[in-house]
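[1] Following is a predicted model, sequence given first.
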Amino acid sequence: MYQGDCQCYLESDEYKAYKEIEEQIGHCTPEQAWAMYYVSVGMVRENIALAVMEHIARGNKALLIEFPELAPAEKGVHEVDQASRLQRF
């Protein structure tokens, strides 16, 4: 991706819409965020999910409780699971 492409994306309506949703998620309660997610569809719902994941990654535990399915996967879980399978043999 060229720098010009990156600049165009940062100025795009899609990016601005995402940033507005991300800011809104930061100001609302987890219950309000869930309600926004529940009633939305399409790209808006996808942006809400991405914004929630971003806030969870930044340490928002309240959103993590409300949206456990959007939490990042634990590091090393795959390796631990594979090691436990090998021990059975």
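    Thanks, I have it. On a predicted model such as this, the values are computed, not experimentally measured, just so you know.
[2] what sits against P72?
    By Cβ atoms under 8 Å, 6 or more residues apart in numbering, the contact set of P72 is 53, 56-57. Bear in mind the C-beta positions are built from the backbone N, C-alpha and C, glycine included.
[3] switch the cut-off to 7 Å
    By Cβ atoms under 7 Å, 6 or more residues apart in numbering, P72 lies in contact with A57.
[4] Could you look up the SS state of it?
    Remark: P72 carries the secondary structure label coil [criterion: DSSP: H, G, I helix; E, B strand; the rest coil].
[5] Which pLDDT value belongs to it?
    What the model reports as pLDDT for P72 is 84.
[6] for E22, same thing?
    Among the per-residue scores, E22 shows a pLDDT of 97.
[7] What is the neighbour count of it?
    Around E22 sit 16 other residues, with neighbours defined as other Cβ atoms under 10 Å.
[8] what's the answer for L63, then?
    As a burial measure, the neighbour count of L63 was computed by other Cβ under 10 Å and equals 25.
[9] Tell me where this structure has helices.
    Under the criterion DSSP state H, the chain carries helices at the ranges 3-10, 13-27, 30-39, 42-57, 61-66, 77-87.
[10] got the angle for the second one vs helix 30-39?
    Put simply, helix 13-27 runs at 140 degrees to helix 30-39, going by axes from the mean of the first three to the mean of the last three Cα atoms, to 10 degrees.
[11] Show me what helix 13-27 is packed against.
    Where contact means 3 or more Cβ pairs under 7 Å, 6 or more residues apart in numbering; DSSP states H and E, helix 13-27 is packed against helix 42-57.
[12] Could you pull out the buried residues of the helix it packs on?
    By neighbour count, with 16 or more other Cβ atoms under 10 Å as the criterion, the buried positions of helix 42-57 are 47-49, 51-52, 54-56.
[13] And that helix, how far out from the chain middle?
    Put simply, helix 42-57 sits 4 Å off its chain's centre (Cα atoms, centre = their mean, to the nearest Å).
[14] Which residues outside that helix are in contact with it?
    For helix 42-57, contacts defined as Cβ under 7 Å, 6+ apart pick out 17-18, 21-22, 25-26, 33, 36-37, 40, 63-64, 67, 70-72.
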